[in-house]
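# From the sequence below, what's the structure:
(one chain, ligands or ions: 1)
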Amino acid sequence: MGKKLRQTNVSGLSRFLQVLDQPNSLSSNVATTNCSTPTVEQSQPIHKSDAKTGLLGPGNEAYDATGLVPFYTDASQVPAHLQKYFAQRTRYFSRYDEGCLLDEEGWYSVTPEAIATQIAERCRCDVILDAFCGVGGNAIAFARTCERVIALDTSPTRLALARHNAALHGLATRIEFILTDFRTFAASHMLHASSTATTTTTSSLSSSSSSSSSSPKTHSSSSTMRKIDVVFLSPPWGGPEYLSAGTEYSLARTQPEPASELFRIARLLTSNVAFYVPRNTILEDIAALLPAPATVDGKLGDGTDGAVQVQEQVEALTCYFGGLTQGQEHLF
Ligand code: MGP
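As a prediction, this is how the structure comes out:
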């Protein structure tokens, strides 16, 4: 496979380091089952200066976001602060030159394709929720390993770019794109999931946070009715300055809410959570996400899912909880 696995125990966490010798050598297993009647949902239409055939070519006009942001083909076109990202463009999307589109936040926060592929393999399941899809790097990878992907973002622009990029990869119809925030979606999903649990779930989602929605929107889509097997969290870290202080990163800095709150909401939907966090994250902050501290070998003695495994990639850490943790697959 061209990858090395290193394991050490740090602060009670099982810590894995996978170094990718050849980023593009990590081939994913493409799911062969087709989804029936795919739904693509978007609350606002794509605003474009014209509806002519763009980067996606004929037949894909409905997904084409050409013109929404610049498509850079040469470094001379790229603003100075994005140059370092443009230089790595084919690491983000190996098919970038065919017409992938990224906005500014996308340039500095998209998950590199090889890492997205690695995460998607680990998260292989029926229905996955990508709670902060951005320009679609992870959602595209999930569409290859999961039967159904629900992708959320609060930016209509980024959602349109994600759908464009998914269409370029021939995967747009496998992903349901929804313009909403994670908390609102979760509240709506839980309201539909169990009528008897409505009171409980609504109150659990309207606690402390300032961004809570008192009257969650109901999504007409069937996404609210599907059982979610895995939640993937890759929230904004507070901009590219997350490393600049030269110190460790506190998970209280994630946006729009601290990681502990995002994790709490995710665990109301499923115990299987993957969380993409900065490589300089304070490891104790990761352990503190769990209701009880993990033991040295990463497992609690009572057989509950109180373990986390941290996979260290070059750019970031991916933390796996519940049935995504090696040895706890039975919890899936
Ligand atoms: P980076 O450190 O800003 O860039 O981001 P670079 O050039 O790889 O590293 P440097 O050491 O040369 O500065 C590294 C990776 O972190 C990106 O490719 C993204 O996958 C991820 N990332 C960065 N930011 C700022 C975010 C963010 O806000 N949210 C998420 N989810 N991922 C981010």
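
# any idea of the pLDDT on the spatially closest residue to Arg174 that is not a sequence neighbour?
Among residues not flanking Arg174 along the chain, Ala143 sits closest, at 4.2 Å (Cβ to Cβ, 6 or more residues apart in numbering). For glycine as for every other residue, the C-beta is placed from the backbone atoms N, C-alpha and C. The model reports Ala143 with a pLDDT of 98.

# Using CSV, list the CA coordinates for the helix or strand containing Ala143.
Element membership for Ala143 (DSSP states H and E) is helix 137-145. The C-alpha trace of helix 137-145 is given here as CSV (Å, rounded to 0.1, in the frame of the first residue of the first chain):
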residue,chain,number,x,y,z
GLY,A,137,-13.0,17.3,-1.1
ASN,A,138,-14.3,14.9,1.6
ALA,A,139,-17.8,14.5,0.2
ILE,A,140,-16.4,13.4,-3.2
ALA,A,141,-14.2,10.8,-1.5
PHE,A,142,-17.2,9.6,0.7
ALA,A,143,-19.3,9.2,-2.4
ARG,A,144,-16.9,6.5,-3.5
THR,A,145,-17.1,4.5,-0.3
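
# quick one: contacts of it?
28-31, 92-93, 110-113, 116-117, 119-121, 123-125, 128, 130, 133, 149, 151, 162, 165-166, 169, 171, 174-175, 232, 234, 276 (Cβ atoms under 8 Å, 6 or more residues apart in numbering).

# Same check on stretch 242-251?
By Cβ under 8 Å, 6+ apart, stretch 242-251 touches 237, 253, 258-260, 277-278, 280-282, 285-286, 289.

# Tell me which residue in the stretch 51-200 of the chain sits closest to the ligand.
Nearest to the ligand, among the residues of the stretch 51-200 of the chain, is Ser109, at 3.6 Å (Cβ to the nearest ligand atom).

# now that residue: how far from Phe142?
Separation of Ser109 from Phe142 (Cβ to Cβ, to the nearest Å) stands at 17 Å.

# among the contacts of helix 137-145, which ones are buried?
28, 31, 92-93, 110-113, 116-117, 119-120, 123-125, 128, 130, 133, 149, 151, 162, 165-166, 169, 171, 174-175, 232, 234, 276 (16 or more other Cβ atoms under 10 Å).

# which bits of the stretch 201-332 of the chain sit near the ligand?
By the rule Cβ under 6 Å from any ligand atom, the part of the stretch 201-332 of the chain lying against the ligand is 234, 236-237, 240, 242-243, 276, 315-316.

# Please repeat the previous calculation with a cut-off of 5 Å.
Within the stretch 201-332 of the chain, the positions adjacent to the ligand are 234, 236-237, 240, 315-316 by Cβ under 5 Å from any ligand atom.

# Now the buried members of the residues you listed.
Of those, these count as buried by 16+ other Cβ under 10 Å: 234, 237, 316.

# need the contact list for the last one.
Contact criterion Cβ under 8 Å, 6+ apart gives 111, 115, 276-279 as the residues in contact with Ala316.
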